[in-house]
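# When you get a sec, could you give me coordinates for this:
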Amino acid sequence: QESIDTIEAIPSVIPEQRTGRWIPLEYDGYADGNPVWDKWECSECGWEHNGDEESLTAFCPNCGAKMEVKE
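Have a look, this model is predicted:
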């Protein structure tokens, strides 16, 4: 019983879910009057993603932050 009590007394670690957003950095032209972004940065860790908006992920592959969805 002493071992079980010791194990149960250990605090659990529940990581806090970080939330970020993709910040557009560079564009390579315009389509329908809007810039076509091709370089993005994670607002939480600064990791840069090269690719169009459709290739952005729901989570940053570097820090794991959940990216906000555009309204």
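# Okay, now the unreliable bits of the protein?
70-71 (pLDDT under 70).
# Run through the strands of it in chain order.
Ranges of strands in the chain, per DSSP state E, are 19-20, 22-31, 34-42, 48-50, 66-67.
# Those strands: which one's closest to F59?
strand 66-67 (5.7 Å; C-beta to C-beta). The way it works is simple: take the backbone N, C-alpha and C, and place the C-beta from them, glycine included.
# Now do that closest one: which elements does it pack against?
Helices and strands touching strand 66-67, by 3 or more C-beta pairs under 8 Å, 6 or more residues apart in numbering; DSSP states H and E, are strand 19-20.
# ok, the nearest residue to W47 once chain neighbours are set aside - contacts?
Excluding its sequence neighbours, the residue lying closest to W47 (C-beta to C-beta, 6 or more residues apart in numbering) is N62, at 3.7 Å. Going by C-beta atoms under 8 Å, 6 or more residues apart in numbering, N62 touches 42, 45, 47.
# Can you say which of the residues you listed are buried?
Buried residues within those, defined by neighbour count using 16 or more other C-beta atoms under 10 Å: C42.
# Which member of the contacts of N62 is positioned nearest Q1?
Nearest to Q1 among the contacts of N62: C45, at 44.6 Å, using C-beta to C-beta.
# close enough to count as contact, the closest one and C60?
Yes - between C45 and C60 a contact is recorded at 6.4 Å, counting by C-beta atoms under 8 Å.
# rewinding a little: could you dump the contacts of N62 to TSV with distance to G29?
Shown next, in TSV, are the contacts of N62 (distance: C-beta to C-beta, whole Å):
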residue	distance to G29
C42	24
C45	28
W47	24
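# which among the contacts of N62 gets closest to R21?
For those, the nearest to R21 is C42 (8.2 Å; C-beta to C-beta).
# quick one: contacts for the closest one?
Counting by C-beta under 8 Å, 6+ apart, C42 has contacts 20, 22-23, 48-49, 60, 62-63, 65, 67.
# what's the burial count for W22?
For W22, the tally of surrounding residues (other C-beta atoms under 10 Å) stands at 18.
# please renumber so the chain begins at 648
Fine by me, first position is 648 from now on; the one you just mentioned is W669.
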